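*Asks:* Predicted coordinates and the sequence they were generated for:
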Amino acid sequence: MILLVLSGHITKAQTEKSSSDIIFFDDFNDNTNNWTVTYNKHASARIDSGFYYLTATGRAYGVTQEIKINPQKDFEIETRIKILKGQADHKNYYSMIFWGREAMNSLYFTFAKDGFASVEMCDGKHQGDCKTKSGSLQKVIPNPDDFNIYTIRKRGDMYSFIINGTQFYQMPFTPFFGNLIGIGAGRKVTLVIDYLKVSYL
């Protein structure tokens, strides 16, 4: 599986708000943050009724925002996603949240309709360029046919990976490759994204 064809934009919402610790929030009530809206042979993407719909029609396809996070601070990335349709097999059809990305170098929080999730580090565009972090591949998603909240939390020198409020994996903090954060639909998978939030803790 080729991992991702990326499309993204730099957003005006990346600057920190003085009244809160939220540095980015989008609930897709409009397209203020210039998410990709497209329909082509690789993917379709649209905003409709407060949701962002993302379909990878061939290989996996991702959309990004450039959000500058100070890695010296504790932070959290949270999103609420439903897998609307697609094959269930995690090995070949997983979707992902990625962060700290530059070019093809990134960290991935993966999930699939079969209920499995994992954490991977990738340095290329093919699945063989990704290494699953030891012990992270687990069947942990209780609602594979419904919305689930996925959280990446960094406190001190540790990452925690959380689904619906329950932590399933921890690992040491890994420095960012870059500033891109995004969501990718696995091959022939449709995702419905309710919101994306990035905040300092």
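*Replies:* In hand now; what should we look at?

*Asks:* which residue packs closest to the residue nearest the centre of the chain, ignoring adjacent ones?
*Replies:* Centroid-nearest residue in the chain: Ile97, 1.5 Å away (criterion: C-alpha atoms, centre = their mean). Leaving aside its chain neighbours, Ile97 sits nearest to Phe109 (4.5 Å; criterion: C-beta to C-beta, 6 or more residues apart in numbering). Backbone N, C-alpha and C define where each C-beta goes, glycine included.

*Asks:* quick one: the one you found from Glu78, how far?
*Replies:* Look at Phe109 and Glu78: by C-beta to C-beta, to the nearest Å, they are 11 Å apart.

*Asks:* For this structure, which segments count as helices?
*Replies:* Assigned by DSSP state H, the chain shows helices spanning 90-93.

*Asks:* In this structure, what helix or strand scores lowest on average pLDDT?
*Replies:* Lowest by mean pLDDT, DSSP states H and E among the helices and strands of the chain is strand 5-10, with a mean of 50.

*Asks:* residue ranges with poor pLDDT in this structure?
*Replies:* Residue ranges of the chain with pLDDT under 70: 1-20, 124-129.

*Asks:* what about the closest residue to Lys154 other than its chain neighbours, neighbour count?
*Replies:* Distances taken as C-beta to C-beta, 6+ apart place Phe75 nearest to Lys154, at 5.3 Å, with adjacent residues excluded. Residues lying near Phe75 (other C-beta atoms under 10 Å) number 19.

*Asks:* so Phe75 bridges to which residues?
*Replies:* Lys154, Tyr200 (DSSP bridges).

*Asks:* Next one: the nearest residue to Arg155 once chain neighbours are set aside from Asp21, what distance?
*Replies:* Nearest residue to Arg155 in three dimensions, chain neighbours excluded: Asp74, at 4.8 Å (C-beta to C-beta, 6+ apart). Distance of Asp74 to Asp21, computed by C-beta to C-beta: 10 Å.
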